[in-house]
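Enquirer: Take this sequence and fold it.
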Amino acid sequence: MATYNVEDMLTSLQSSLGPLYQLATGSAYLIGISFALKGIYDLKVYGDMRTMMSSNASIKGPLITLFVAAMCIYLPTGFEIMMNTTFGYSSVMAYEQFPTSGGGTLSVSAQVLLQIVQVIGAYAFVRGWVLLARSATQGGHGIFGKGLIHVVGGVFAMNIVGTFNVIAATFGITF
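Expert: Sure thing, here's the model as predicted:
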């Protein structure tokens, strides 16, 4: 009978993380296409309302929905732009940049845990854009703030190594 330890379980979990990240990206593409269709329909409704009667309809909702659709469809490019803006580089695979006390590399279990945080960050990034689109059309209080926090937190979580490096450099912490 075989015995398994935590490192073996984390290594087998690591094989599932790639497809989970691809699921998040594929979901973002589908969400982006649906938001694009919704944004175009909302623009049609806005145009019909403007020609039929002079109402105080707002174009803000359809335009933000189309912007979020573009961000979801171009998720890798949008994430790369956010990474370059916040950290100055676009690669999230920076395990070599993680400072360790012995100057060595991270263990396999630490790398798997970092990859789990990156996948969670991808889902938070997509969810943040969905919340931002919902705040434009529904106008709920606090939804815009939640969406913005999810987007920023998703970027920080997807680049957890860079976030650790920033915190360590800011507070003078050595790992």
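
Enquirer: and stretch 5-16, which residues are buried?
Expert: The neighbour-count check on stretch 5-16 (16 or more other Cβ atoms under 10 Å) flags Leu10, Gln14 as buried. All C-beta spots, glycine's among them, are computed from the backbone N, C-alpha and C.

Enquirer: do stretch 60-80 as well
Expert: Residues 61-62, 64-73, 75, 78-79 are the ones in stretch 60-80 that count as buried (16+ other Cβ under 10 Å).

Enquirer: mind listing the helices for this protein?
Expert: Applying DSSP state H to the chain gives helices spanning 6-52, 60-73, 75-86, 108-138, 143-158, 160-171.

Enquirer: How about Val152, nearest residue that isn't a chain neighbour?
Expert: Gly128 (7.7 Å; Cβ to Cβ, 6 or more residues apart in numbering).

Enquirer: swap that for Ile64, sorry
Expert: Leaving aside its sequence neighbours, Ile64 sits nearest to Ala136 (Cβ to Cβ, 6+ apart; 3.6 Å).

Enquirer: how close does Gln22 sit to Val68?
Expert: Distance, Gln22 to Val68, using Cβ to Cβ, to the nearest Å: 21 Å.

Enquirer: Could you report the distance from the nearest residue to Ile120 once chain neighbours are set aside to Ile143?
Expert: Distance criterion Cβ to Cβ, 6+ apart; nearest residue to Ile120, sequence neighbours excluded, is Ala157 at 5.8 Å. Note on Ala157: its distance to Ile143, by Cβ to Cβ, is 20 Å.

Enquirer: So the two - more neighbours on which side?
Expert: Using other Cβ atoms under 10 Å as the criterion, Ala157 and Ile143 rank with Ala157 on top: 22 against 17.

Enquirer: Centroid-nearest residue for this protein?
Expert: The centroid of the chain falls nearest to Phe125 when counting by Cα atoms, centre = their mean (1.9 Å).

Enquirer: Quick check: that one touching Leu148?
Expert: No: judged on Cβ atoms under 8 Å, Phe125 makes no contact with Leu148 at a distance of 11.6 Å.
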